[in-house]
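>>> Predicted model follows, preceded by the sequence.
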Amino acid sequence: MKKFEEQKFNIPELKGISKKNIEEHLKLYSGYVKHANLILEKIEEYSADSEKNAYALGELQRRFSFEFDGMRNHECYFRSFEGGPHPLAHKSPLAKVIESDFGSSDSWLARFKTLALTRGIGWAMLAFDPVSKRLIHAWVDEQHLGQLNGAPLVLGLDMWEHAYVADYQPSGKKQYAEDFFANLNWKVIEENFKQAAS
């Protein structure tokens with residue numbers, strides 16, 4: 001069986017988000033990769049007698065989306081820090097679509113930060129819908145409830161407490177969101193958009 005492979009990230013020192021927190025967060029990511037693979041192994045094993053194992057197979061399939069999305073969402077999140085902070089290029093294709101869809105980059109950013117402060121655990125997502133050719137915001141509960149079908153992820157901000165509470169305390173999620181954008185390498189995000197829109 002072909003397995004998912006854990007990716008490695010070259011994350012520089014970040015503003016507000018400690019090296020220790022990133023190390024612990026990466027361990028969590030590693031667990032998603034491991035468990036996605038384990039679930040697929042069990043599905044393969046239980047499928048030998050799918051009638052007898054129907055209930056277990058159904059529960060494994062439900063759990064798989066949680067582990068798989070946790071893996072892929074975190075890969076997008078960690079890659080966005082690689083190479084250090086870099087601003088969004090004002091004339092880039094992504095900047096032009098943001099301006100077209102949201103009026104201005106400042107308007108978009110304010111709306112996205114509001115999304116990030118949604119109560120509960122989950123992800124603030126920016127995705128691109130290839131059908132309507134537009135950017136869409138989504139709040140994804142946990143990490144698998146609310147993903148937008150067919151809309152590739154452009155930007156993902158982890159708003160689970162494990163992403164920030166060690167450095168910011170529970171009351172500091174707003175500052176964490178601010179620091180996320182201060183650390184963001186928009187070249188990576190622009191590449192995500194280029195791939196999503198192609």
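Noted; the coordinates are in hand.
>>> what sits against S80?
Contact analysis of S80 by C-beta atoms under 8 Å, 6 or more residues apart in numbering lists L155, G156, L184, N185, V188, I189. Where you see a C-beta, it was placed from the backbone N, CA and C, and this is true even at glycine.
>>> what's the spacing between the fifth one and L155?
Computed as C-beta to C-beta, to the nearest Å, the V188 to L155 distance reads 9 Å.
>>> ok, these two, which is more surrounded?
Set V188 next to L155 and count neighbours by other C-beta atoms under 10 Å: L155 wins out with 24 against 17.
>>> Just give me the neighbour total for L145.
12.
>>> Check the spatially closest residue to it that is not a sequence neighbour and give its pLDDT.
Closest residue in space to L145, ignoring its immediate chain neighbours: G122 at 7.9 Å, by C-beta to C-beta, 6 or more residues apart in numbering. If you check G122, the pLDDT there is 97.
>>> if we can go back for a sec, just curious, which of the contacts of S80 is nearest to E59?
G156 (26.4 Å; C-beta to C-beta).
>>> Check which element follows whichever strand or helix holds the closest one along the chain.
Taking DSSP states H and E as the criterion, G156 maps to strand 153-158. Proceeding N to C from strand 153-158, the next assigned helix or strand is helix 165-168, under DSSP H and E.
>>> Which strands or helices does that following helix pack on?
Other elements packing on helix 165-168 under the criterion 3 or more C-beta pairs under 8 Å, 6 or more residues apart in numbering; DSSP states H and E are helix 19-46, helix 173-183.
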